[in-house]
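Asks: turn this into a structure:
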Amino acid sequence: MVCLNCGNTFEGNFCPHCGQSAEVKRLQAGEMLKNAIGPFVGGDNRFLRTAWQLITRPGHLVRDYLLGKRIRYYHPLQMYVFLLTAYAITCYVLGINISIFDRSSDISFGDYERDGIVLASVRKVADYFNFIENDKLYGTLAAAIYAVPVFTWMFRKVHLPRPDGTSQPLCATENFYAQMYSSCIDLLLSTFLLPLSLIEGIGDWLLNAFGAVTFAYVIVLYRQMLGLKWPKAILLCCIGFALTIALFVLFIFAIVVIAFGIDLLMK
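Replies: Predicted coordinates:
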């Protein structure tokens, strides 16, 4: 066989040089459909396995992935993109407004000048915080990114046994992967619960219940991943969550104050 991708001559079903299949068919509708749904229902079922493991045993999945068992699971960033797409499609089908496509934030500070610089900055911070918190694209990414330094510091004394016999705490990159898998859980639950949001009068209750469940999943994830006792896992995650919100608010506040100063200097 001659590989159509790299030109390598080989025997067997796959090219040993680039990995492409020896059997390359002409592109047709059936092949297009197979490629589209293959990652979700393909022979290896990695997407379905990863989604199921995230719901039933998230900490064990993340620990396995961090310690090298990666071929069986979806990469967290790939998983996040797939789930965000599924969330957007579900919103479109149900006729629900999805902010990642048509929502923008007004950066004009003119309406706040009458309240004074300090109060105006505080109000603008609240506007930005509410905007990002209620947006699946910005909210989940922001939560994952801001949680990385906080959770890395909070769990610095908790060591994870490694395959080489050493025992080390999670580094920032490993915490980012854990947080991205947590964001995937957020998107999974959000997508399944979207139809319930159409029921009149259930919005506030559903939002509060969803927040409690997703935070509980973070606790379970870190408890299973690091083998912690329940009290310690709950305490560290609660403190980490509070510090993450504080860091997030301070960052937005600093940006708003700087923007406010630039806006005043330009007038």
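Asks: neighbours around residue 31, how many?
Replies: Neighbourhood size, residue 31 [other C-beta atoms under 10 Å]: 13. Yep, even glycine has a C-beta here, placed from its N, CA and C like the rest.
Asks: mind giving me the domain ranges of the protein?
Replies: Listed by automatic domain parsing, the domain ranges of the chain are 1-43, 44-265.
Asks: in space, not sequence, find me the middle residue of the protein.
Replies: residue 183 (2.9 Å; C-alpha atoms, centre = their mean).
Asks: which non-adjacent residue is nearest it?
Replies: Nearest-residue entry for residue 183: residue 140, 4.1 Å, with adjacent residues in sequence omitted and distances by C-beta to C-beta, 6 or more residues apart in numbering.
Asks: just residue 240 next, same as before
Replies: In space, and not counting its chain neighbours, residue 240 is closest to residue 154: 4.4 Å by C-beta to C-beta, 6+ apart.
Asks: if I look at that neighbour, how far off is residue 226?
Replies: Distance, residue 154 to residue 226, using C-beta to C-beta, to the nearest Å: 11 Å.
Asks: please apply the same query to residue 93.
Replies: Going from residue 93 to residue 226 by C-beta to C-beta gives 39 Å.
Asks: higher neighbour count, the two?
Replies: residue 226 (21 against 10).
Asks: report the secondary structure state of the nearest residue to the more buried one once chain neighbours are set aside.
Replies: With C-beta to C-beta, 6+ apart as the criterion, residue 226 has its nearest non-adjacent residue at 5.0 Å, and that residue is residue 158. Using DSSP: H, G, I helix; E, B strand; the rest coil, the structure places residue 158 in coil.
Asks: hey, which helix is longest across this protein?
Replies: Secondary structure assigned by DSSP state H gives helix 230-265 as the longest helix of the chain.
Asks: which helices and strands does that one pack with?
Replies: Where contact means 3 or more C-beta pairs under 8 Å, 6 or more residues apart in numbering; DSSP states H and E, helix 230-265 is packed against helix 117-133, helix 136-154, helix 203-226.
Asks: average pLDDT across that helix?
Replies: For helix 230-265, the mean per-residue pLDDT is 85.
Asks: what of stretch 28-43?
Replies: Averaging pLDDT along stretch 28-43 yields 69.
Asks: same check, this time on stretch 47-57
Replies: Mean pLDDT, computed over stretch 47-57, is 93.
Asks: ok, stretch 185-197 next?
Replies: For stretch 185-197, mean pLDDT rounds to 89.
Asks: give the buried residues for it.
Replies: Using 16 or more other C-beta atoms under 10 Å as the test for burial, stretch 185-197 gives 185, 186, 187, 188, 189, 190, 191, 194.
Asks: mind listing which of these are in helices?
Replies: 185, 186, 187, 188, 189, 190, 191.
Asks: now do the fourth one against residue 53, distance only.
Replies: To tie it back to what came earlier, the one meant is residue 188. For residue 188, the distance to residue 53 - C-beta to C-beta - is 11 Å.
Asks: got any ranges where the stretch 1-150 of the chain has weak pLDDT?
Replies: 36, 38-44, 98-135, 137 (pLDDT under 70).
Asks: and the residue nearest to the centre of the chain, which helix or strand is it part of?
Replies: Using DSSP states H and E, residue 183 sits within helix 172-193.
Asks: most tightly surrounded among the domains of the chain?
Replies: Of the domains of the chain, the one with the most neighbours on average (mean count of other C-beta atoms under 10 Å) is domain 44-265, at a mean of 16.
Asks: now distance to residue 34 too, for the buried residues of stretch 185-197, in CSV please.
Replies: Shown next, in CSV, are those (distance: C-beta to C-beta, whole Å):
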residue, distance to residue 34
185, 28
186, 30
187, 25
188, 24
189, 29
190, 28
191, 23
194, 28
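Asks: farthest-separated two in these?
Replies: 185 and 194 (15.2 Å; C-beta to C-beta).
Asks: just to revisit the earlier point, per-residue confidence at the residue nearest to residue 240?
Replies: The score at residue 154 is 96. That number is its pLDDT.
Asks: quick one: it and residue 236 touch, right?
Replies: Yes: with contact defined as C-beta atoms under 8 Å, residue 154 reaches residue 236; the gap is 5.1 Å.
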